[in-house]
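Asker: sequence and computational prediction follow.
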Amino acid sequence: MSKILTVPKEERCIGCGLCAVKSSLLLGKTIDLSKSFIKIIGKPGKYRVVIDYGTKTDFKEIVDVCPRGCFLIEEV
Amino acid sequence: MEKKRNILQIDLSTKDYFFKSFPEINKYIGGEPVSLFLLRELINTEPTSNYVSITTGPLCGVFPYTSKSVITSYFKGHYKEYVGGGKIGSFMSLSYLDSIEFYNSSPTPVYIELVGKDIRFINAEESFNIDSLGLSGRRTKIQFSNEILSDDYFSYGEKNEFFPQNNLLGLVYSPQGEFYIPDIDNYNEVRRKVLDKESELLVVKGTSPSCYGCPMGCALSKNMENLNVSVLPRSLISCAYAEPIYNDINLVFSCLQSLGFDYDHEFLEKFPGKIGDLNKSIKESIENYFKFSDSVNIK
């Protein structure tokens, strides 16, 4: 069994981008949104959360940083 | 380590543009004071120019409740500031771009796409979809119609009669590059201190779209900002509802230090007086120029 980050409550997203910033910081000492494994796309009120599964994603820090509780770490 | 401070100057009439390292703005921290400093530079050299600038603050996108930006317009000797939220202030800050200045007027209506340091001017008369510009997941836009609006949601207010008719209809911006944090542990600790002050905010948590880097989702994020805010929060450029938090010089000092800014307490304590001097100096320059100019040739 492996663990991955999922976003079961995407509809709650307010587009604050804290997950994108945190995902960049988890990889080093810089904020570089091009390297974030999470991207927020769409418009205010209709945000979508895109996760790049090409890298490790099961960081509890991402679940914790989201003020709306959008994320979950699931076993697959 | 001296922080990078950069501005982008765009001449709408010639489509020339320059990225300039501009360490002089260090003494004005960011936000409204920097925008006024840049405006004074303009008035002292080209007092008849059409001018619009977008300016961010040093904590935008990095600390919560500091996600705003200030748009300053100047036309026919009148200037006005508009403050609002969304993503653009944070995206600029994360790319070390303190201010974008637009000079003069485009001969035709134009949109600008800015991806990192690559600029494209798009003729508004051609058929295109503004939402196709920029990079996916890193895109923000500002449109200058009767109302200045970011991402179709965050308002900077209605343009007044002295907003220059420069044919700039909008800007789509995507940041590129790395924002370096010298001491991650210290940064996380200071950031936690700011988050712990949530009860001092003048808004409550909600489910509305949020400004970038702000966890609140408050219902007021879409509104233009109140301009009557203390100098220090306005230089950062924090949310007006976070004024009680960012009026705390000790906390601001810690935030700036954690990002490598070398401001000291004494500087921060004396700083508000400088802004009054800037405003006075701008008004004097405008009055002097227009008093001695028989006819003003607006470009």
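Answerer: That came through, no problem. Residues are numbered from 1 along each chain as shown, chains lettered A, B, ... in the order given.
Asker: and the strands in chain B?
Answerer: Under the criterion DSSP state E, chain B contains strands at B:6-11, B:16-21, B:51-55, B:69-75, B:78-84, B:99-103, B:110-115, B:118-123, B:140-144, B:147-150, B:154-158, B:168-174, B:179-180.
Asker: these: which one's closest to chain A?
Answerer: strand B:179-180 (4.2 Å; CB to the nearest CB). Every residue, glycine included, has its C-beta placed from N, CA and C.
Asker: remind me what that closest one packs against, helices and strands.
Answerer: When contacts are defined as 3 or more CB pairs under 8 Å, 6 or more residues apart in numbering or on different chains; DSSP states H and E, strand B:179-180 packs onto strand A:30-31.
Asker: run through who's touching the strand it packs on.
Answerer: Under the criterion CB atoms under 8 Å, 6 or more residues apart in numbering or on different chains, residues A:Val21, A:Ser24, A:Leu25, B:Gly61, B:Val62, B:Leu94, B:Glu178, B:Phe179, B:Tyr180, B:Ile181 lie in contact with strand A:30-31.
Asker: isn't the fifth one right next to B:Leu259, touching?
Answerer: Just to be clear, that refers to B:Val62. Yes: applying CB atoms under 8 Å, one finds B:Val62 in contact with B:Leu259, separated by 6.5 Å.
Asker: need the strands of chain B in a markdown table (columns: distance to B:Val194).
Answerer: Shown next, in a markdown table, are the strands of chain B (distance: least, CB to CB, whole Å):
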| stretch | distance to B:Val194 |
| --- | --- |
| strand B:6-11 | 25 |
| strand B:16-21 | 29 |
| strand B:51-55 | 22 |
| strand B:69-75 | 19 |
| strand B:78-84 | 20 |
| strand B:99-103 | 24 |
| strand B:110-115 | 29 |
| strand B:118-123 | 34 |
| strand B:140-144 | 23 |
| strand B:147-150 | 23 |
| strand B:154-158 | 21 |
| strand B:168-174 | 25 |
| strand B:179-180 | 17 |
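Asker: possible to save the ones you listed as CSV with mean neighbour count?
Answerer: Output for the strands of chain B, formatted as CSV (neighbours: other CB atoms under 10 Å in any protein chain shown):
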stretch, mean neighbour count
strand B:6-11, 19
strand B:16-21, 12
strand B:51-55, 26
strand B:69-75, 25
strand B:78-84, 21
strand B:99-103, 24
strand B:110-115, 21
strand B:118-123, 13
strand B:140-144, 22
strand B:147-150, 21
strand B:154-158, 20
strand B:168-174, 22
strand B:179-180, 18
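Asker: need the ones you listed in a markdown table with mean pLDDT and distance to B:Val34, can you?
Answerer: Listed next are the strands of chain B as a markdown table, based on pLDDT from 0 to 100; distance: least, CB to CB, whole Å:
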| stretch | mean pLDDT | distance to B:Val34 |
| --- | --- | --- |
| strand B:6-11 | 96 | 9 |
| strand B:16-21 | 94 | 13 |
| strand B:51-55 | 97 | 5 |
| strand B:69-75 | 96 | 9 |
| strand B:78-84 | 94 | 12 |
| strand B:99-103 | 97 | 6 |
| strand B:110-115 | 97 | 19 |
| strand B:118-123 | 95 | 21 |
| strand B:140-144 | 97 | 18 |
| strand B:147-150 | 97 | 19 |
| strand B:154-158 | 96 | 17 |
| strand B:168-174 | 97 | 18 |
| strand B:179-180 | 94 | 18 |
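Asker: B:Cys218: which of those strands is closest?
Answerer: Nearest of the strands of chain B to B:Cys218, taken as CB to CB: strand B:154-158 at 12.0 Å.
Asker: common neighbours of B:Val62 and B:Leu259, please.
Answerer: With CB under 8 Å, 6+ apart, B:Val62 and B:Leu259 have common neighbours B:Ile181, B:Tyr187.
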